[in-house]
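J.: Would you be able to build a 3D model of this:
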Amino acid sequence: MHAFAGTAKVRLRFFPLLFLTFLLLPGVSRGETTGLSGFDLRLFRPPADGSGHLNLHGSRSLGRWKFSLGSISDTSQGVLKVTNPLTADSVKVVDQYFTNLFVGSVGLTDFFQVGLSLPTVYFEQGEHFETGEPFTTAALGDIGLETKLALLKDSGLRPGIALVSITTFPTGSTERFTGSSNVTEEAKLVVDKKIGPVTLILNGGYRVIPRTQVADLEIDDMATYGAGFSWSLPFGSMDLIAEADGALVLGNPRERTSPLEWLAGLRQRVFEGLSIEFAGGSGVGSGVGGGDFRIVAGLTFRNIPQEKKSEETLLSETISFQKGRSKVDRKSETTLDRVVDLLKGDKKNQVELTGDPELTGIVMDDLMARGVSRGRMSANPPEPSETKTRTVAVRVVK
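T.: Next up, the predicted model:
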C-alpha cells in the first residue's frame, strides 16, 4: 500500500509540469523565425525510458506495467551556421539553443514497452538568414513515440540486445528548426554489456527524414551511431559516464552534414529508481547540430527494482579443529591464510562462516588476530544435520 502511495505521488508531481507546458505552448510557439525552412536540429535525443545513459539507449526493458518518468534539459551554442550565397557571409542561423524534454515509458510485457517524448525549445537565439537581424524565439519540438523490444538479456558472456523504434510527428516548427515537415522514423539496434563495475553500450540506427535543402546544406536519410561506457565508482552511489554520438547523411556525406559530439559527466543515484545526471561536451568538426558545446542536466525515475548484484564465490572450504575444540587444526591454517590473502586483495570481499557458534567464534578470533576486521565477517547457524560436526564452513564472496 505504501509503495502504491509513493508511486502515485511521483506521478502527481509530473502532471503539473506537463499541464503547465501545454498552457505555455500557445504563447511560446509564436515569435520570430530564421527566414529559412529547415529540419529538426536535435542531435541530443535521450531515451524515453531513462535506460542506458545520456543519449544512448540501454537494452534492459522496464518490465510489465513498470514505468519511467524524466525531465532532461540541455543547452548548446553554435548549432547551425550557413553561408548566404548572395553575400558569401557566414550566418549563425541558430546560435543559442535551450531545450527541455519530458519523457515517459511503460512496459506492456516483460520484453516490450512504449514511450513518449515531448521536446520544448524554451529559448532559441540566432540571426535572420536574409536580414542578419538577431532574433529570439521559442517553440514546441516534434513529439516522439518510442517502442522497445528486448531480444536478449545481458547474462554471462552474452550481451543484452534490443530493437528500438522512434517515430516523430511534425508538431515542431521547420522555420525555427525545432521539427521536421513530415513524420520521421528511426530503427535502432542496441547492444550493451556489464563487466563488473563497467557497462559498455553501442547504438546503431537508420533515420528516415524528408529531404531538405537549407542554403548550402542538403539533409536527407542518415545513419546514426553512438558508443559509450559507465563506471560505477567505488565511493557513493555515483557513476562516471562518457559517450560519443553522431549521424551521417548517407547521400551527402560531408563534414557539415555529419555531426559528431562527445559528452562526459556523472550520474548520482539518489535512492532506488531515482537518478540525477549532469554532463557536458562539445561537437567535433563543423557538423550541424553538434555545436561548440553542450551542457546536460536530467532527472529520471524508473519504477523498477534495481538488479541485485550476484555473489561470486572466491573460496569455499571447511575448517577443522583439534581434539580439544579450542584451536584450529594445523591443516586448516593454510585455508585461513588464503582467506586473509583474498580479503587483502579486494576490500569488498566478505567472509561467511557456517557452523556451531562456539567454533565460528574461534575462527573469527583467529582471523581478527591476522588483521581481518569483524565487520567483514558474518556467522550463520549450522544446518540441523550438521549440529554435531566439529567443522566450520568458510566461504569468501565477492
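J.: List the contacts of the residue nearest the centre of the chain.
T.: Closest to where the C-alpha atoms of the chain average out (CA atoms, centre = their mean) is His53, at 1.9 Å. Residues near His53 by CB atoms under 8 Å, 6 or more residues apart in numbering: Ile201, Gly228, Ser230, Asp239, Ile241, Glu243, Arg267, Glu277. For the C-beta atoms, the positions are set from N, CA and C on the backbone; glycine is no exception.
J.: Against Thr318, how distant is it?
T.: 44 Å (CB to CB, to the nearest Å).
J.: what do you get for Phe111?
T.: Taken as CB to CB, the span from Phe111 to Thr318 is 43 Å.
J.: neighbours around Ile295, how many?
T.: The number of residues packed near Ile295 is 17, by other CB atoms under 10 Å.
J.: Return the per-residue confidence for it.
T.: With respect to pLDDT, Ile295 has a value of 95.
J.: Mind jotting down where the helices sit in this structure?
T.: Shown for the chain, the helices assigned by DSSP state H span residues 2-28, 330-345, 357-369.
J.: and these, which one's lowest on average pLDDT?
T.: Among these, helix 2-28 scores lowest, with a mean of 43.
J.: which of Phe111 and Thr318 has more neighbours?
T.: Taking neighbours as other CB under 10 Å, Phe111 and Thr318 compare with Phe111 leading, 17 against 13.
J.: Nearest residue to that one in space, please, no chain neighbours.
T.: Take Phe111 and drop its neighbours on the chain: the residue closest to it by CB to CB, 6 or more residues apart in numbering is Ala150, 4.3 Å away.
J.: Phe123 too?
T.: Per CB to CB, 6+ apart, closest to Phe123 is Phe98, 4.1 Å.
J.: Beta-bridge partners for the residue nearest to the centre of the chain, please?
T.: Note on His53: beta-bridge partners Leu56, judged by DSSP bridges.
J.: Check the gap between it and Gly371 for me.
T.: 39 Å.
J.: for Val114, same thing?
T.: Relative to Gly371, Val114 is positioned 55 Å away (CB to CB).
J.: Which one of those two is surrounded by more residues?
T.: A direct count of neighbours by other CB under 10 Å for Val114 and Gly371 places Val114 higher, at 17 against 9.
J.: Skipping its backbone neighbours, what lies nearest Pro159 in space?
T.: Lys193 (4.2 Å).
J.: Tell me the bridge partners for that neighbour.
T.: Bridge pairing for Lys193 - DSSP bridges - gives Leu200.
J.: what about it, how many neighbours?
T.: Neighbour tally, Lys193, other CB under 10 Å: 17.
J.: Wait, it touches Ile161, no?
T.: No: when contacts are counted by CB atoms under 8 Å, Lys193 is not listed as touching Ile161 (9.9 Å).
J.: which regions of the chain lie under the pLDDT threshold?
T.: 1-31, 305-311, 325, 383-388 (pLDDT under 70).
J.: mind redoing it with 50?
T.: Within the chain, the ranges that satisfy pLDDT under 50 run 1-30.
J.: For stretch 161-177, list every residue counted as buried.
T.: For stretch 161-177, burial by neighbour count (16 or more other CB atoms under 10 Å) applies to 161-164, 166, 168, 170-177.
J.: Take those and write them to a markdown table, including distance to Leu140.
T.: Converted to a markdown table, those look like this (distance: CB to CB, whole Å):
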| residue | distance to Leu140 |
| --- | --- |
| Ile161 | 34 |
| Ala162 | 29 |
| Leu163 | 28 |
| Val164 | 23 |
| Ile166 | 17 |
| Thr168 | 12 |
| Pro170 | 11 |
| Thr171 | 6 |
| Gly172 | 6 |
| Ser173 | 7 |
| Thr174 | 12 |
| Glu175 | 13 |
| Arg176 | 10 |
| Phe177 | 13 |
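J.: For the residues you listed, name the two members farthest from one another.
T.: Spanning the widest gap among those are Ile161 and Glu175, at 39.9 Å by CB to CB.
J.: quick one: which of the buried residues of stretch 161-177 sit in strands?
T.: Here DSSP state E is the test, and the buried residues of stretch 161-177 give Ile161, Ala162, Leu163, Val164, Ile166, Thr168 as lying in strands.
J.: ok, the residues you listed vs Arg390, which is closest?
T.: Closest to Arg390, out of all of those and judged by CB to CB, is Ile161, at 51.5 Å.
J.: Tell me the bridge partners for that closest one.
T.: Going by DSSP bridges, Ile161 forms beta bridges with Leu152, Val191.
J.: Next: Gly144.
T.: Ser117, Thr168.
J.: count of residues packed around Glu255?
T.: 11.
J.: if I look at the residue nearest to the centre of the chain, how far off is Thr360?
T.: From His53 over to Thr360 (counting by CB to CB), the distance is 43 Å.
J.: repeat for Ser76
T.: 60 Å.
J.: which one of these two has more residues nearby?
T.: A count of neighbours by other CB under 10 Å puts Ser76 above the other of Ser76 and Thr360, at 27 against 22.
J.: quick one: contacts for the more buried one?
T.: Neighbour list for Ser76: Phe44, Gln96, Tyr97, Gly291, Asp292, Phe293, Arg294, Ile295 [criterion: CB under 8 Å, 6+ apart].
J.: ok, for the second one, nearest residue in space, not its chain neighbours?
T.: This means Gln96. In space, Gln96 is closest to Gln125, 3.9 Å off (CB to CB, 6+ apart).
J.: quick one on the thing from earlier: want to try TSV for the ones in strands among the buried residues of stretch 161-177, with distance to Lys81 as columns?
T.: Converted to TSV, these look like this (distance: CB to CB, whole Å):
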residue	distance to Lys81
Ile161	38
Ala162	36
Leu163	35
Val164	31
Ile166	27
Thr168	24
